[in-house]
Structures are given as structure tokens and as C-alpha cells.
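> structure of the sequence below:
(chains A and B)
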Protein chains: 2
Amino acid sequence: MVGNNLTTVNLISPIQELMPLVEARMQKFTKSYPIDFRVALEKLLVYGGKRIRPKLNLLVGRMLNANSDQLITSAAAIELLHTATLVHDDLIDGALFRRGTPTLNSSWNAAKTVLAGDLLFSHSAKLAAETGSLEIIRLFADTLATIVNGEVTQLFEKSEPTNPEKYYRRIYAKTASLFEAATKAAAYLSPVDEDVIDAVSMFGREIGMAFQIVDDVLDFTGKQSTVGKPVASDLRQGLITLPVFYYIESHPNDPAIEKSLNMVNGGLADDAITERLVESIRDSGAIERALEEARRYSERGIRALEELPANNEQGVLIELALELTERKS
Amino acid sequence: MVGNNLTTVNLISPIQELMPLVEARMQKFTKSYPIDFRVALEKLLVYGGKRIRPKLNLLVGRMLNANSDQLITSAAAIELLHTATLVHDDLIDGALFRRGTPTLNSSWNAAKTVLAGDLLFSHSAKLAAETGSLEIIRLFADTLATIVNGEVTQLFEKSEPTNPEKYYRRIYAKTASLFEAATKAAAYLSPVDEDVIDAVSMFGREIGMAFQIVDDVLDFTGKQSTVGKPVASDLRQGLITLPVFYYIESHPNDPAIEKSLNMVNGGLADDAITERLVESIRDSGAIERALEEARRYSERGIRALEELPANNEQGVLIELALELTERKS
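This is a model prediction of the structure:
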């Protein structure tokens, strides 16, 4: 099972008929726009990645017998919210590629890119309101605040985290909060009690943490062609992720670390130092330690889910959690 | 009465005790941020202008016996939504001053400014959700979509409007939609029927239209020191407002118009041509025609409100509507 491609029919079959409805609901607002804008929005929404968040939402909803129409709407709202944050993120980071394709800000000026993101936010909010669930509306507003708070902290705090706690807070804000919202929203739409809501929330949160750790590992181990951005792009931006923490722990006196991070803070760029540091990190066992940590998160999430009665969707969710943790891209 | 300063005690007395609570609710989220960011946010929120939208919301709510706590929350949500759109607007327009004080983007890079706006959006959405009213949540999400749609149209449509209809649609999206939302939201929180909701919505919408027409007139007649931005800044950005439409109608063959607008579209800048055009517009009677149109909107709004039983708040709302239309800055 492990290592299958995320788009295998096996994996998505319980929600296969729902995904096109989610896509349609995400795109229904684009029709009325000036053609340039419409084309760009549709491209953004069509080549939008693996759709992990809406799939989690749908699978949990099916597992718990959620109302289908509300579920489709919530899945579309989540993916629009996610896409909106990516559009502004890429602008903020000056990223030119995402998933191997050019970002909006690579061809548009800041004005148009900001508006595109705002538009996606507004339509995400409209869809959230369409679910008619106050709990979901509150959850999505809180999650957006969490995500933006995380970015503010990252941008305004001068010093990098010196312990993994800040790293974990950062990846919760960046990724796990929306995974958690995806699974929790599905439970809100289902005839279940508080324990079940807590269990699927934990599942979403923990596999979200695992997903981001793996993402940060792939930034070191992946090929640029697969990951769609330069190797060690986080480190090159002065961002310390889990493999770097582990490396610092075991090599506190390696001068390459300070030099690499100093480069970001206005020092002279020396790619050779960063390249050597990346090699050192790869050879140090830090990658393996980080992956073990990702597995621990994933396992905690799966255990929480396994406390609920087993059914087909639960099996698929567990398979998905394993694939997300073992993926190579 | 007419021409009084908007901050007269007389005017705000029925809601005097509520405004500090609105301010506090708007600012309660800023406490936890890095100091630089917090100071900038608080400055943005404290020197935030005339607070017309929350005042409209509170006055209508008091007039209709809305629940006070929900009303305060909705007033704070409206002003945060308004402030968020201004932050992104100023970034998009490259505006360096608003209300005579430097904009966020004048001292911050695009990244920080985008995030500040996103943060305000997220907290506006949280407050909207806190009202617990699905109608208000839907209204605010729809209004945000309307505002952003208006900006997208303005940015992506190549040609300027050739008739006033597009101008009216633009100022509805830009201003009147949120005035309408402010009054309508108050009615949603009150024990009233559909007719009353429609009447106060119309009041908000029409005086919002009047307010923006007057704003566009002041762009021609105001002094830079009072308006807080260069005279005829719209025209200099290639934006045709109502006085310009009226001028074109009466002077279809003045070559200065095409020249002025061409300058924006990559032609050679010639401030002298624009200065002369501004003088011509001022002398043409176009300003007076635009102000008459603003008065007609304002009167329609007031008539709608007067269909409801008279009380103190209603009187203050009418006085406010007149002041907004007759203001000189």
C-alpha cells in the first residue's frame, strides 16, 4: 500500500463522485470576470495540486454520514481558503514556482495578485456561510486567523526559533490547523458527539504536522524537478526546519550554520557554504530523525481515528495518512 | 445644523457610550503581536477616520432596538472589514497618504502590508461569526465579494466607463455596498420585519452613493491639505468620476480629456494639461451637477428612513446623512 501515488483509484473511490462537484463549486464564481483574470483564476484552481484537504473533509464526512451537499460546500470552501493563502504566500515570499508551475506573482504585479487572493478569501467565506453551520464559519475564521498569525510571527520576529517548540507552532499554524479544520468541519456536519469530533480533529491535526515535517524533509532530499522549487529553499531563506534543528543539536559548533543564516541577514551570499551544509545535514542522520518524528505524529493521528468504529472510509483515511508520510514528492 | 463637524456631541450622543466599546472590540486582537506590528496596527485602528460605518450601524440598531452586544460586535466587524480593504487598496494604488497620514505601504514592504490586511480580514470574519447571526455573516461575505469584484473590474478592464452606469456600479461596489451592509446588519439584529430591513438598507445604500459622489467632487474642489491627497488624484490615475462625465457630456470635443487619460496609458506626462483640465471642469458647472446628484441620492435615502416611525436616532441619522452630503472634507 505504502508509497502508492495519491491519485490511485483505490484511494479516492469512496469520494470519487463527489470531487467533481467540489471542483465545480470552487469554480462557479469565476465565470463573470474579465477574461484575463478568469483564465488565470481557472488555471490556478484547476492545476491546484493534490486536493488533500477537501479529500480529508469528504472522507471524514462520508465516514460519519455528513449531509452531502453541506459537505461538498465545506470541501470547496477549505480548498479556496487554502488557495487564497498560497497566492498571498507566494507573493510575500517572492516565490516564482509552486508545484513546478509559475505562480501568479511571477507574471502579475502585486496589485493583481493581492486582489486575486482577496477574491478567493471572499468566495471561501461565502461558501462557508452557505453551509449554514455557525460552527464551521467560526472554525474557518479562526483557522484563517491562525494561519495569518503564523505568517506575521515568521515575518516580524527578528530571531529564528532556537528550539523545536516554535517550529512546531509554526507548522501547526501553516499547515496542521487547516488539516484539522478539514476533518473537524466534516464532523460538525455529521450526527456525532463531542468525542468523535475530537478524534477526527486530532487525526487531521497530527497528520497535518506529519505532512509538513515530510515537506520540510523533502526540501532537503527532493530533486528540484520533483519538488518544484530549489533544494533547501527554506534554509536559503533563513528558515530553520526540523532537520536543521536536529543537525544543530548534534553539531552545535559547525560554523556553516551561522554563516548560512547570516547570509540571509545581509551578509555576502556564498552558495558553496550552503551546499556543503545541505550535504552535512543529509549525512548526519537528521533527516532520518525528522522522518521518525513525522511517523510518530502520523501514528498518533491514526490511533485517534482507530478508536472510532471501522468502516471503508476509515481504512482509506489511514491509507492516505500513511501515503502522506511516506511520499517522495 | 448642516455643515457641523461629524464629531459634534449632538450628533453622536445617542451612541456615545457605545463607540468606546466598539473601539475596544476592534482592537482586542492586537495585544499578542510582535511590537512593531502591534504599534502599526493600533495606529491604523486608532487614527482610523470618522467611523461613519460603525456609527450608522449603531444608530440604526438603537433606532430599531437591536441587541446591544451583537450590535457592538457587528459595528467592530464592519470597521475592521473597511480598514482591511483600505490597507490592500492603498497598496494596490501605491497611495502614500490617507486622511493626511502615511499609509502602511509607505513604510512597509508589500509582504507586511498584505499580511496586515489579511489579518484584519480574518478578525473581521471572527467578529462577524461572533454575532451568531447567519444573515450578518452572509451579508458581510457577500459585501466583501462585491468590494473585491469592483476592484478587479477596475484593474482588469482596459477601457474606462463611457457612461455613468459603470461609474455608479463602481461606487456601489467601492462604498455604498458597505454603507448598506452597516445599516442592514443592524436591522438583522433587531425585532423588525422585512419592510424595515429594506427601508434601512435603502437608506444606507443611497447615502453611501451620495457620500462617494461627494468624495469624488472633493477630489476636484478640496485642498490637498484638507483631503489628504493631491487634487484630482483620480483623474491623474486615469479614473473617470461623475464630474468628469458631466464635463465630457457638455464638452465632448475638448482634446485635454483624451490627452490627460492617455498620459496614464503610457503617454508622456504633462501636468499642465491636467491642471488646465481640472480648472475647466471646475468652471463648467459639472461640480454643481454632481453635487445635485449626490443630494438626490441622499434625499431618496432620507425618504426611505422617514417612512419608519420617528424617534431621536432617526433624527440623528437624517442629520448625519445631510452632513455627509454637505461636508467640505
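> and stretch A:87-106 with chain B, contact?
Yes. Stretch A:87-106 lies within reach of chain B by C-beta under 8 Å from any C-beta of the partner chain, at A:88, A:91-93. Just so you know, the C-beta spots here come from the backbone N, C-alpha and C atoms, and that holds for glycine as well.
> might you enumerate the residues of the stretch 51-200 of chain A proximal to chain B?
Checking the stretch 51-200 of chain A against chain B by C-beta under 8 Å from any C-beta, the hits are A:88, A:91-93, A:110-112, A:114-115, A:117-119, A:121-123, A:125-126, A:128-130, A:132, A:134, A:137-138, A:140-142, A:144-145, A:147-149, A:151-153, A:155-157.
> pull out the buried members of the residues you listed.
A:88, A:91-93, A:110-112, A:114-115, A:117-119, A:121-123, A:125-126, A:128-130, A:134, A:137-138, A:140-142, A:144-145, A:147-149, A:151-153, A:156 (16 or more other C-beta atoms under 10 Å in any protein chain shown).
> helices - which of those land there?
A:88, A:91-93, A:110-112, A:114-115, A:117-119, A:121-123, A:125-126, A:128-130, A:134, A:137-138, A:140-142, A:144-145, A:147-149, A:151-153, A:156 (DSSP state H).
> closest to chain B among the residues of stretch A:87-106 next to chain B?
When the residues of stretch A:87-106 next to chain B are compared for distance to chain B (C-beta to the nearest C-beta), A:I92 comes out closest, at 4.0 Å.
> let me know the pLDDT of that closest one.
On the pLDDT scale, A:I92 is placed at 90.
> do you know how far the residue in the stretch 201-329 of chain A positioned nearest to chain B is from A:A95?
For the stretch 201-329 of chain A and chain B, the shortest gap (C-beta to the nearest C-beta) falls at A:Q237, measuring 12.0 Å. As judged by C-beta to C-beta, to the nearest Å, A:Q237 and A:A95 stand 10 Å apart.
> poorly predicted segments of chain A, please.
A:1-12, A:48, A:158-162, A:224-230, A:262-270 (pLDDT under 70).
> any chance you could map the strands in chain A?
Here chain A has its strands, by DSSP state E, at A:97-98, A:101-102.
> list the neighbouring strands of the first one plus their orientation.
Right, strand A:97-98. Here strand A:97-98 has these sheet partners by DSSP bridges: strand A:101-102 (antiparallel).
> in TSV, list the strands of chain A along with mean neighbour count and distance to B:L56.
What follows is the strands of chain A, written out as TSV (neighbours: other C-beta atoms under 10 Å in any protein chain shown; distance: least, C-beta to C-beta, whole Å):
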stretch	mean neighbour count	distance to B:L56
strand A:97-98	18	42
strand A:101-102	12	44
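> counting residues per helix, which one in chain A is longest?
Chain A, longest helix under DSSP H: helix A:194-221.
> list the buried residues of that one.
Buried, per 16+ other C-beta under 10 Å, within helix A:194-221: A:196-197, A:199-221.
> what does stretch A:281-292 give?
Those would be A:281-282, A:284, A:286-287, A:289-291, for stretch A:281-292 by 16+ other C-beta under 10 Å.
> residues making contact with that stretch?
Contact partners of stretch A:281-292, identified using C-beta atoms under 8 Å, 6 or more residues apart in numbering or on different chains, comprise A:213-214, A:216-217, A:220-221, A:241-247, A:250-251.
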